[in-house]
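Novice: Structure for this input, please:
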Amino acid sequence: MGPESQTSMATCAPPEADGMPCRICLLEASGSDEDPLVEACACRGSIRYVHLGCLRQWVEGRLSLNSGSEQQGPAHT
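Specialist: Just a heads-up that it's a prediction; the model follows:
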């Protein structure tokens with residue numbers, strides 16, 4: 001799944017989400033068009049919103065962790 005399809009699953013947060021914290025960086029929503037607050041999953045309440053940039057960094061970090069563990073292979077004893 002490419003980055004285009006990943007971002008299409010997230011929906012923009014409604015205007016009333018302003019002031020709600022991002023679940024990753026814990027900063028409040030700024031309403032910025034460059035780094036909007038989105039709903040990326042079915043979570044509800046105060047943990048439902050995340051900055052799109054924070055979500056991208058989190059996904060990239062998870063992908064690099066997974067690819068790093070596959071490249072190392074089993075430990076030799």
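Novice: contacts, neighbours, all on C-alpha from now
Specialist: OK.
Novice: ok, longest helix in this protein?
Specialist: Across the chain, the longest stretch assigned as helix under DSSP state H is helix 52-72.
Novice: Spatially central residue for the protein, please.
Specialist: Leu55 (1.6 Å; C-alpha atoms, centre = their mean).
Novice: show me the contacts for that one.
Specialist: By C-alpha atoms under 8 Å, 6 or more residues apart in numbering, the contact list for Leu55 reads Ile24.
Novice: For the residue nearest to Ala13 when sequence neighbours are not counted, what are phi and psi?
Specialist: Spatial nearest neighbour of Ala13, chain neighbours left out: Val38 (4.7 Å); criterion: C-alpha to C-alpha, 6 or more residues apart in numbering. Main-chain torsions, Val38, degrees, to the nearest 10: phi -130, psi 160.
Novice: does Cys41 really touch Val50, like I thought?
Specialist: No: using C-alpha atoms under 8 Å, Cys41 is not in contact with Val50, being 9.7 Å away.
Novice: okay, the two: which has more neighbours?
Specialist: Between Cys41 and Val50, counted using other C-alpha atoms under 10 Å, Val50 has the larger neighbour count: 30 against 13.
Novice: Quick check: bridge partners of the more buried one?
Specialist: Bridge pairing for Val50 (DSSP bridges) gives the partners Val38.
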